[in-house]
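Asks: Could you look at this predicted model? Sequence included:
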Amino acid sequence: MTGADAIRAELRRAAAAIGAGDDVDVVLQRPSDPAFGDWTTNLAMTLARALRRKPREIADDLIAHLQLADAGVRAAEVAGAGFINFRLDPAFAARGVADVLRQDAAFGRVPPAGDGVAVVEFVSANPTGPLHVGHGRQAALGDAISRLLEWSGVRVSREFYYNDGGAQIANLARSVLAHLRHLGGAALEIPEGGYHGDYIREIAERFAEEHPDHAARHDDAAFQEEVRRHAVAALRQEQNLDLQAFGVAFDTYYLESSLYAPGSAASAARSLGASDGESAVDATVRALVRAGATYEQDGALFLRTTAYGDDKDRVMKRSAEKGGDYTYFVPDVAYHVTKWDRGFRRAINVQGSDHHGTVARVRAGLQALGVGIPQGYPDYVLHQMVTVMRGGEEVKISKRAGSYVTVRDLLDWVGRDAVRYFYLQRKGDSHLVFDVDLARSQSEENPIYRIQMAHARMSGIFRQGGLDPATFDGSGVDWAQLAAPAELELINALVDFPRVVAQAAEHLEPHRLAQYLLDTAGLVHGWYHKHHVLGQEAPLQEARLALARAAQIVLRNGLEVLGISAPDRM
């Protein structure tokens, strides 16, 4: 049992003793200032209404009923309006290092639970060009969220949803055709809404090599469809290479076009009552009509999204005069029905903030179908834009992409580790400024360099001493030797790692772990400069080696959760 767990148990026992019941929710937090102690709780304030007493009186009463020694606490003090601050016995606190050493690579990890399953959809870029920096932020967020959930005992399926139809794909094919005509001697005329950049020319050149008779077939509909398929396949491969370079892999690739295919509704039959040969989209619309969630007006079909909190009802199918086609959120509803019927009772979508309007519409459609009840299926993590700065100026153009900076540009400039960390260091819903010069610098101002250097320094201690760090399991260590303030503060941070991982996973916020690693690295550097490890008396050296090993483990594990390497040398 950790120090925090022991304090919580004692607080629950003390709360029951003063009449608050034995099922109170005890919240422990680290004080904002370490001078206030090792842990603090607002329990007295949360009990004030039920007990009809002043918080400070309750706090005094709780302390009087606490068996402090059993919880490894040397002092408990009332502060402010009724907070209780705890100061741990140094030897008891230091024993937390033994848990880190004993669990090693498993420290902070929860074994998978039988029913803990989630699908995390992210990137989901249209196959119309290389991945841009916004897609990169999605890739980093989605993969880190997946890893956090896995460390918290959830079995995760990573999914990429391809929008492989519609006007954008048609414009892609037309853009490649324009280059094919140009190869035959015609002027290059990229259509309105078409795509520019070297990658379009390269796709056309590869196609021309494989089809030397292309010039005679440009106006043939079957040929144009062949060009479309070739372009989509080429760009899917291009995106896969970008993701591979970024260290991101997916378990499933789901095509939007499959939702329109006859018979595709079979995978969603349980929720939709689909008939044989029906498409998933048609089955979804028919089920919504049958549920009374739609109405017709001016020749268009509307979904009653206002019944589920939207500000107005939304068009599902346009009138014949406007094309008679389905609006973009209808296949999204059908797609999420398939997630539900594939057994995913938790679905998380990582998307750009421009998808904000989709959230209410998709959830409304699912609720009308009885899918994802209670409200809130799927979860959404929306991220803001990324601005890339280099040499003090914003970078907007990539020669390869034509009009935007690509993920591959960033990887080439600063490397995978820096790209991942810089993407994750800010909360997703905040605008991110990616400073290329800072990400490349080998200085303490560069956060990922500072974190990796802390790990390398701990590794260097063992290398310098000719010692195998894996042999330090905490056995025989006199933990009372670790009593210096810098050591106790570092120990508190290290044993906090599982709690930080759990909270970051609960809130789907990898930036919490990124900030924790930066803060902990600062404590590691501070301890390293203040206290020598090698060359001390045997009991002190053994204790400090154990602490160095624990710091090495926590930094390594934390970086692994974020998909970042932990080098032994810098």
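Replies: Received it, and whenever you're ready, just let me know what you need.

Asks: any idea of the pLDDT on Ala274?
Replies: Ala274 is assigned a predicted lDDT (pLDDT) of 67.

Asks: now do the one 4 residues further on
Replies: pLDDT, Glu278: 84.

Asks: can you check Ser403 too?
Replies: We note a pLDDT of 69 for Ser403 in this prediction.

Asks: Asn163 too?
Replies: Predicted confidence (pLDDT) at Asn163: the value is 85.

Asks: Equivalent analysis for the one 3 residues further on, please.
Replies: Among the per-residue scores, Gly166 shows a pLDDT of 74.

Asks: Backbone dihedrals for it, please?
Replies: In this entry, Gly166 is assigned phi and psi values of phi 90, psi -170 (degrees, to the nearest 10).

Asks: How many residues are close by it?
Replies: Using other CB atoms under 10 Å as the criterion, Gly166 is surrounded by 14 other residues. (Glycine included, C-beta is placed from N, CA and C.)

Asks: Tell me which residue is most central in this structure.
Replies: Among the residues of the chain, Ile145 comes closest to the average C-alpha position under CA atoms, centre = their mean, at 2.8 Å.

Asks: Make sure that one is actually in contact with Val350.
Replies: Yes: in this structure, Ile145 is within contact of Val350 by CB atoms under 8 Å, at 6.7 Å.

Asks: between the two, what contacts are shared?
Replies: Any residue near both Ile145 and Val350 by CB atoms under 8 Å, 6 or more residues apart in numbering counts here, and that gives Val120, Phe122, Val381.

Asks: Closest one of those to Gly80?
Replies: Taking CB to CB as the measure, Val381 is the one of the shared contacts of Ile145 and Val350 closest to Gly80, at 34.7 Å.

Asks: How about the contacts made by the closest one?
Replies: Val381 makes contact with Leu141, Ile145, Ile348, Asn349, Val350, Gln351, Gly428, Leu508, according to CB under 8 Å, 6+ apart.

Asks: thinking again about what came up before, with distance to Gly72 as extra columns, can I get the shared contacts of Ile145 and Val350 in TSV?
Replies: Output for the shared contacts of Ile145 and Val350, formatted as TSV (distance: CB to CB, whole Å):
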residue	distance to Gly72
Val120	38
Phe122	42
Val381	38
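
Asks: could you redo those as CSV and give each row secondary structure and distance to Leu243?
Replies: Compiled in CSV, these are given as follows (DSSP: H, G, I helix; E, B strand; the rest coil; distance: CB to CB, whole Å):
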residue, secondary structure, distance to Leu243
Val120, strand, 14
Phe122, coil, 10
Val381, strand, 18
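
Asks: Tell me the one among the residues you listed nearest to Phe207.
Replies: Distance from Phe207 was checked for each of the shared contacts of Ile145 and Val350 by CB to CB. The minimum falls on Phe122, at 30.1 Å.

Asks: Name the nearest residue to the closest one, sequence neighbours excluded.
Replies: If you skip the residues right next to it in sequence, Phe122 has Gly142 as its closest partner in space, 2.6 Å away by CB to CB, 6 or more residues apart in numbering.

Asks: Which helix or which strand is home to the one you found?
Replies: helix 133-151 (DSSP states H and E).

Asks: now Ala360
Replies: Going by DSSP H and E, Ala360 is in helix 356-368.

Asks: avg pLDDT for that helix?
Replies: pLDDT averaged over helix 356-368 gives 92.

Asks: how's this protein carved up into domains?
Replies: If the domains of the chain are taken from automatic domain parsing, they occupy 3-88, 167-245, 444-561, with pieces of a single domain joined by a plus sign.

Asks: so which of those is the most packed in?
Replies: Per-stretch averages of neighbours, counted by mean count of other CB atoms under 10 Å, single out domain 444-561 among the domains of the chain, with a mean of 19.

Asks: quick one on the thing from earlier: tell me the pLDDT of the residue nearest to the centre of the chain.
Replies: 98.

Asks: do His525 as well
Replies: Per-residue confidence at His525 stands at 98 (pLDDT).

Asks: what does Gly96 give?
Replies: Note for Gly96: predicted pLDDT of 89.

Asks: Phe223 too?
Replies: In this prediction, Phe223 carries a pLDDT score of 87.

Asks: got it, and the one 10 residues further on?
Replies: We have a pLDDT of 92 for Ala233.

Asks: helix/strand/coil for Phe302?
Replies: Phe302 carries the three-state label strand when classified by DSSP: H, G, I helix; E, B strand; the rest coil.

Asks: Could you give the number of residues near it?
Replies: Phe302, neighbours per other CB under 10 Å, totals 18.

Asks: looking at this structure, which helix or strand is least sure?
Replies: Lowest on mean pLDDT, DSSP states H and E among the helices and strands of the chain sits helix 269-272, with a mean of 62.

Asks: picking up where we left off before, with distance to Tyr335 as new columns, can the domains of the chain be given to me in a markdown table?
Replies: Formatted as a markdown table, the entries for the domains of the chain read as follows, by distance: least, CB to CB, whole Å:
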| stretch | distance to Tyr335 |
| --- | --- |
| domain 3-88 | 38 |
| domain 167-245 | 17 |
| domain 444-561 | 20 |
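
Asks: For Leu410, which of these is the nearest?
Replies: Scanning those with CB to CB as the criterion, the closest one proves to be domain 167-245, at 10.3 Å.

Asks: Report the distance from the closest one to the chain centre.
Replies: With CA atoms, centre = their mean, to the nearest Å as the basis, domain 167-245 stands 34 Å off its chain's centre.

Asks: can you start the count at 785 instead of 1 from here on
Replies: Will do, 785 is the new start, and the previous item becomes domain 951-1029.

Asks: Now do the end-to-end distance for that domain.
Replies: With CA to CA, to the nearest Å as the measure, the first residue of domain 951-1029 is 29 Å from its last.

Asks: and the strand or helix carrying Thr1304, what other elements does it pack with?
Replies: Remark: Thr1304 resides in helix 1295-1314, with elements defined by DSSP H and E. Helix 1295-1314 is packed against helix 1200-1208, helix 1231-1248, helix 1269-1279, helix 1281-1291, helix 1322-1345, with contacts defined by 3 or more CB pairs under 8 Å, 6 or more residues apart in numbering; DSSP states H and E.

Asks: Give me the contact list for that helix.
Replies: Residues outside helix 1295-1314 that contact it (CB under 8 Å, 6+ apart) are 928, 932, 1205, 1208-1212, 1228, 1231, 1234-1235, 1237-1238, 1241-1242, 1268, 1270-1271, 1273-1274, 1277-1278, 1280-1281, 1284-1285, 1287-1288, 1331, 1335, 1338-1339, 1342-1343, 1345-1346.

Asks: Compute the inter-axis angle for that helix and helix 1322-1345.
Replies: Counting by axes from the mean of the first three to the mean of the last three CA atoms, to 10 degrees, helix 1295-1314 lies at 150 degrees to helix 1322-1345.

Asks: For helix 1295-1314, output the C-alpha coordinates as PDB.
Replies: Extracted as PDB, the C-alpha positions of helix 1295-1314 are listed here (Å, rounded to 0.1, in the frame of the first residue of the first chain):
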ATOM      1  CA  HIS A1295      -0.400  16.600 -21.800                       C
ATOM      2  CA  ARG A1296      -0.800  15.800 -18.000                       C
ATOM      3  CA  LEU A1297       1.800  13.100 -18.400                       C
ATOM      4  CA  ALA A1298       4.000  15.300 -20.700                       C
ATOM      5  CA  GLN A1299       4.100  18.000 -18.000                       C
ATOM      6  CA  TYR A1300       4.700  15.500 -15.200                       C
ATOM      7  CA  LEU A1301       7.700  14.200 -17.000                       C
ATOM      8  CA  LEU A1302       9.100  17.700 -17.500                       C
ATOM      9  CA  ASP A1303       8.600  18.500 -13.800                       C
ATOM     10  CA  THR A1304      10.000  15.200 -12.700                       C
ATOM     11  CA  ALA A1305      13.000  15.700 -14.900                       C
ATOM     12  CA  GLY A1306      13.600  19.000 -13.300                       C
ATOM     13  CA  LEU A1307      13.700  17.300  -9.900                       C
ATOM     14  CA  VAL A1308      16.100  14.600 -11.200                       C
ATOM     15  CA  HIS A1309      18.500  17.300 -12.500                       C
ATOM     16  CA  GLY A1310      18.300  19.200  -9.200                       C
ATOM     17  CA  TRP A1311      19.000  16.100  -7.100                       C
ATOM     18  CA  TYR A1312      21.800  15.000  -9.500                       C
ATOM     19  CA  HIS A1313      23.600  18.400  -9.000                       C
ATOM     20  CA  LYS A1314      23.100  18.500  -5.200                       C
END
